[in-house]
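Engineer: Return a 3D structure for these sequence lines:
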Amino acid sequence: MNIHIDAAELNAAREQANSMPLDKIDVSDPSLYANDTLWPYFERLRREDPVHFAENERFGKFWSVTKFRDIMSVDTNHQVFSSEAGGISIAERPAEFTLPMFIAMDPPKHTPQRLTASPIVAPANLARLEGLIRTRVAEIFDKLPVGETFNWVDRVSIELTTQMLATLFDFPFEERRKLTYWSDIATTFPEPGAMVETFEDKKAILLDCLQNFTKLWNERVNAPPAPDLISMLAHSPATRNMPPFEYLGNLMLLIVGGNDTTRNSLSGGVLFMNQNRGEWQKLRDNPALTPSAVSEIIRYQTPLAHMRRTALADATVDGKQIKKGDKVVMWYISGNRDDEEIERPNEFIVDRKNPRHHIAFGFGIHRCVGNRLAELQLKIVWEEILKRRMDIEVVGKVERVLSNFVHGYTSLPVRVTPNAY
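Structural biologist: Numbers count the residues shown, from 1 in each chain. Presented below is the predicted three-dimensional model:
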């Protein structure tokens, strides 16, 4: 594998991050994520102002929590730092366009709704899904054009995760790409040039999603309980009487959660192995490192950059006085590069001593419910790559999502050679 890395832009960002006034640093700027220059800004905040107050026209006033332990302290204190009071994203949304969902609920309502969905990723069900995932990965790989340039994001990452979402929802398989589209719409902040430019446009598209899923709900609620997410929601006492927009909110949560984490880690892993050929060689020489490599890929990628909380009372975080009503943003993407918690955090190392020690899935009661399924899909993909002795070479410009929430990719041009080593 090979890739040319132009460090000029990152070096310029490092110079700017270290020379600009501390109070001018704004890690909410989506362009930092699109051009991959966010790292030096977070490095300075962790070093000099780990709980950092900022204000801008787009996102208002907010606290950035950037160190691993401080993030954990906020994420586990749901009595003070609420998911429900202001939502889970740094972006403010008009109340009429805000969807209730269990990740954006506090106990006691949060717990039974989360438990309704959790059986889909229970160990026994994951064991049943493993063979299906492996078959699908093999089919996707068998159809890849050998020696030709193609977009790994679309042909592999999106296709595999969308197939799995269709299975989990028992959604019409031939219409599965609708799930990807709705996921992308759900995480897009409306503005000129975006996938949707107004909240009204976004609402119209998501109402179409709701219409599709309401039809499926009506079918499942009038049939015996089945092991798919819609049937689980329709038959559970905690969710069977949900208002339509709460149903839509939980659908969006499950679709985005099942899509973005896996899809962007699948793409990120290929990029990281290109950038770190010594680590790729380690994995080739010792395939038993695959589970460790998967955890390292997820940490290094951190596919959801942040989660937001709202303070329900005055509180102190790392010496900073947080006032009731303040917006508090936990930057998981920064916590996973905290050198006080993770040794050599800016290096991609497939044989770390404790590779699962990261916060890419969050922490506490809102920890990602599908984390084990994401890990399983990634593990199978890399096992199949190794079994086929595939060389995956990144051959063009990497294009990233313009977002400070979803940390991901839109294009990863590659060429694949089987039996390459």
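
Engineer: Can you show me the helices along the stretch 151-300 of the chain?
Structural biologist: 152, 159-169, 177-186, 199-221, 229-235, 244-275, 277-285, 290-301 (DSSP state H, counting those that start in this stretch).

Engineer: contacting residues around the residue lying closest to N371 once chain neighbours are set aside?
Structural biologist: Once flanking residues are discounted, N371 sits nearest to F361: 4.4 Å by Cβ to Cβ, 6 or more residues apart in numbering. For the C-beta atoms, the positions are set from N, CA and C on the backbone; glycine is no exception. Counting by Cβ atoms under 8 Å, 6 or more residues apart in numbering, F361 touches 261, 298, 367-368, 371.

Engineer: host element of F361?
Structural biologist: Secondary structure assignment for F361, by DSSP states H and E: no helix or strand.

Engineer: same question, H52
Structural biologist: Going by DSSP H and E, H52 is in strand 51-56.

Engineer: Can you list the buried residues in that strand?
Structural biologist: Of the residues in strand 51-56, 51-52, 54 count as buried by neighbour count, 16 or more other Cβ atoms under 10 Å.

Engineer: By pLDDT, rank those and give me the bottom one.
Structural biologist: For those, the least confident position by pLDDT is A54, scoring 95.

Engineer: surely that one meets P21?
Structural biologist: No. In this structure A54 lies outside contact range of P21 using Cβ atoms under 8 Å: 11.9 Å.

Engineer: If any of the contacts of F361 are buried, give me the PyMOL selection for them.
Structural biologist: With 16+ other Cβ under 10 Å as the criterion, this PyMOL line picks the buried residues out of the contacts of F361:
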select buried, resi 261+298+368+371
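
Engineer: What confidence value was assigned to H366?
Structural biologist: Predicted confidence (pLDDT) for H366: 65.

Engineer: same check, this time on the one 4 residues further on
Structural biologist: According to the per-residue confidence, G370 scores 71 in pLDDT.

Engineer: quick one: contacts for it?
Structural biologist: Contacts of G370 (Cβ under 8 Å, 6+ apart): 120-121, 257-258, 261.

Engineer: So K353, which state does it fall into?
Structural biologist: Under DSSP: H, G, I helix; E, B strand; the rest coil, K353 falls in the coil class.

Engineer: if we can go back for a sec, among the contacts of G370, which one lies nearest to L165?
Structural biologist: G258 (4.9 Å; Cβ to Cβ).

Engineer: just to revisit the earlier point, now do the same for the residue nearest to N371: its pLDDT.
Structural biologist: Listed pLDDT for F361 reads 88.

Engineer: please begin residue numbering at 84 from this point
Structural biologist: Understood, numbering begins at 84; the last thing we discussed is F444.

Engineer: Against I173, how distant is it?
Structural biologist: Here the distance between F444 and I173 works out to 19 Å (Cβ to Cβ, to the nearest Å).

Engineer: Quick one: residues contacting I216.
Structural biologist: Counted by Cβ under 8 Å, 6+ apart, I216 has contacts 243, 247, 459-460, 463.

Engineer: now the residues you listed: which count as buried?
Structural biologist: If we count by 16+ other Cβ under 10 Å, these have these buried: 243, 247, 459-460, 463.

Engineer: on that earlier part again, export the contacts of F444 as CSV, with columns for distance to D434.
Structural biologist: Converted to CSV, these look like this (distance: Cβ to Cβ, whole Å):
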residue, distance to D434
T344, 23
I381, 15
R450, 25
C451, 24
N454, 21
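
Engineer: Looking at the contacts of F444, which two lie furthest apart in space?
Structural biologist: Farthest pair in the contacts of F444, by Cβ to Cβ: I381 and R450, 13.0 Å.

Engineer: now the strands for the stretch 134-283 of the chain?
Structural biologist: When secondary structure is read from DSSP state E, counting those that start in this stretch, the stretch 134-283 of the chain shows strands at 134-139, 143-148, 164-165, 233-234.

Engineer: mind putting the contacts of G453 in CSV, distance to N94 included?
Structural biologist: As requested, the contacts of G453 are arranged in CSV below (distance: Cβ to Cβ, whole Å):
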residue, distance to N94
I203, 45
V204, 42
G340, 35
G341, 37
T344, 30
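
Engineer: Need the outlier residue of the protein, farthest from its centre.
Structural biologist: N305 (33.8 Å; Cα atoms, centre = their mean).

Engineer: residue ranges with poor pLDDT in the stretch 334-483 of the chain?
Structural biologist: Scanning the stretch 334-483 of the chain for pLDDT under 70 picks out 448-450, 452.

Engineer: number of nearby residues for the residue lying closest to S486 once chain neighbours are set aside?
Structural biologist: Closest residue to S486 apart from its sequence neighbours, by Cβ to Cβ, 6+ apart: P113 at 5.5 Å. When neighbours are defined as other Cβ atoms under 10 Å, P113 has 19 of them.

Engineer: Also L251?
Structural biologist: Close neighbours of L251, defined as other Cβ under 10 Å, add up to 24.

Engineer: Distance check, it against A317.
Structural biologist: From L251 to A317 the distance is 14 Å (Cβ to Cβ).

Engineer: circling back: and the gap between the residue farthest from the centre of the chain and L115?
Structural biologist: For N305, the distance to L115 - Cβ to Cβ - is 49 Å.

Engineer: and what of F224?
Structural biologist: Going from F224 to L115 by Cβ to Cβ gives 34 Å.

Engineer: One more: D158?
Structural biologist: 23 Å.

Engineer: who has more neighbours, these two?
Structural biologist: A direct count of neighbours by other Cβ under 10 Å for D158 and L115 places D158 higher, at 23 against 20.

Engineer: so who does that one touch?
Structural biologist: 164, 390, 392, 413, 442, 445-447, 449.

Engineer: Then T393?
Structural biologist: Here T393 is in contact with 164-165, 168-169, 408-411 (criterion: Cβ under 8 Å, 6+ apart).
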